[in-house]
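Peer 1: need the 3D shape of this:
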Amino acid sequence: MLAAGFGERLGSTAAAPPKILLRFDGKTLLQRHAEILQFLGFDELVVGVGNKAEQVKREIRSLPFGDFIRAVDCPQFAMGAPYTLWGLRAEFDGAAVFMDGDVLYDHRLMARLYQAPHETCFAMDRNIRPSDDPVKICFRDGQIVDFHKEPSAAHDSFAEWIGFLKLSADIAKQLEPALQPYIAAKRTDFIYEEVFRDIMRSSPNGTFGTADVTGLPWTEIDFPSDLDYAQAEVFPHLEALPA
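Peer 2: So this is what the prediction gives:
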């Protein structure tokens, strides 16, 4: 899970907590992630931290999850999200779910991704908010042909990626070599999604599938309007975890 950024687009101040510590009805996003993942049977939650890392670590220690949550320091985080991902590269040593930490979502959404038949698949929503700057999963004749904010491949439809990607063990181990050339060149002009696109393009057709979560409540929290939307339109519609 990426949770190291400054949250600049949200207008975060020096006194503001990291986005993963935003609270909804008293629970931080981090606590909500952990509750859902533990309920679904995940082995652990590994969180890449950087900005205000000690605040995140204090929250981890205060939560009743024992060693289920583990923080990993990502020292180059200030260079951008790809460098947080680089700091987590050793964690991709088996099947995993990659996650952005700044997402408020319903547990049924993660269940659809986790239980999807494809070993490697994107969680996607076919309903795209008009104000979004979405990362697009693009299709042509029903097949995935591109994955980017600014796709280059010809396509006949697209859906929004919500920031969650299930990875098979084979695909997970390709992350480090795919990311390494960008890091070696000290590039800061790319988004980390390009690395997943590189892996997708080098994989046989059909390796990457999708889990359609259209209709379930969720939002990524990047801008103040996203936080307003989370509070007014997403949180009230979240289904409680089964007892």
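
Peer 1: can you point out the buried residues in stretch 167-176?
Peer 2: Within stretch 167-176, the residues scored as buried using 16 or more other CB atoms under 10 Å are 167, 168, 171, 172, 174, 175, 176. The C-beta positions use only the backbone N, C-alpha and C, and glycine is treated the same way.

Peer 1: looking at the residues you listed, which are in strands?
Peer 2: residue 167 (DSSP state E).

Peer 1: contacts for the longest helix along the chain next, please.
Peer 2: Longest helix of the chain, by residue count under DSSP state H: helix 29-40. For helix 29-40, the external contacting residues (CB atoms under 8 Å, 6 or more residues apart in numbering) are 1, 3, 19-22, 24, 27, 45, 47, 56, 59-60, 63, 65, 68-69, 99, 101-105, 107, 110-111, 114, 221, 241-242.

Peer 1: kindly write the PyMOL command that selects the buried subset of these.
Peer 2: One line in PyMOL is enough to select the buried ones among the contacts of helix 29-40; burial here means 16+ other CB under 10 Å:
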select buried, resi 1+3+19+20+21+22+24+45+47+56+59+60+63+65+69+99+101+102+103+104+105+107+110+111+114+221
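
Peer 1: how about stretch 24-44: buried residues?
Peer 2: Applying a neighbour-count criterion of 16+ other CB under 10 Å, the buried positions in stretch 24-44 are 24, 28-38, 42.

Peer 1: adding distance to residue 150 and pLDDT, write these out as TSV.
Peer 2: Formatted as TSV, these follow (distance: CB to CB, whole Å; pLDDT from 0 to 100):
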residue	distance to residue 150	pLDDT
24	32	97
28	33	98
29	28	98
30	31	98
31	35	98
32	31	98
33	29	98
34	34	98
35	35	98
36	31	98
37	31	98
38	37	98
42	32	98
